[in-house]
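Novice: would you be able to build a 3D model of this:
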Amino acid sequence: MIKVKQIFKKENLTAAAGLGAGSLAAEVVVGKAGPLLTKEGEELNETVAKVIPALPIIAGLVLATSTGIVKNIGFGMLAQGVSGIAKSFIPAETKVTLGIGQDVMLSGNAPMMDSNMPEPAPMAGMDYTGDPETRY
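Specialist: Numbering: from 1, shown residues only. Here you go, the predicted structure:
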């Protein structure tokens, strides 16, 4: 039986907050590192592009040796960094199939239904004549 009091203990909530903050910090490091590691007007070279996803891992390892919430932030950075590197080895077609790297929530301009969507397969015993709006 799950004990709710155990789930909402201060230590567990602090750990969850640290992991989330570390994951967010790792994304900031990756997003800001590229422009900082290149000269103005130059494109990102291939070597630097390969090193940037590893930066959160390095920072996470350093922070993970600390104590308290800083240690949890380090673990969050490690998790995000390893995930980022793993994603770079997954083929693009597989990413689309698995939904990796895509937004979970639909944006306001994404259609729920599209005219390009296939018609649902007819179910036995259903009357599909008449107005399409009543086909449910």
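Novice: which parts of the longest helix seen in the chain are buried?
Specialist: Criterion DSSP state H: the longest helix present in the chain is helix 10-36. In terms of neighbour count (16 or more other CB atoms under 10 Å), helix 10-36 has its buried residues at Ala15, Gly18, Leu19, Ala21, Gly22, Ser23, Ala25, Ala26, Val29, Val30, Ala33. Every C-beta, even on glycine, is put in place using the N, C-alpha and C of the backbone.
Novice: tell me the first helix or strand C-terminal of that helix.
Specialist: helix 46-51 (DSSP states H and E).
Novice: contacts for that next one, please.
Specialist: Contacts to helix 46-51, defined as CB atoms under 8 Å, 6 or more residues apart in numbering, come from residues Gly34, Leu37, Thr38.
Novice: pipe the buried residues of helix 10-36 into TSV and attach pLDDT per row.
Specialist: Formatted as TSV, these follow (pLDDT from 0 to 100):
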residue	pLDDT
Ala15	90
Gly18	93
Leu19	91
Ala21	93
Gly22	93
Ser23	92
Ala25	92
Ala26	92
Val29	90
Val30	88
Ala33	81
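Novice: is it correct that Val62 is in contact with Lys71?
Specialist: No - contact between Val62 and Lys71 fails when scored by CB atoms under 8 Å: they sit 10.8 Å apart.
Novice: looking only at neighbour counts, state which of these two leads.
Specialist: Lys71 (16 against 12; other CB atoms under 10 Å).
Novice: helix, strand or coil for that one?
Specialist: helix (DSSP: H, G, I helix; E, B strand; the rest coil).
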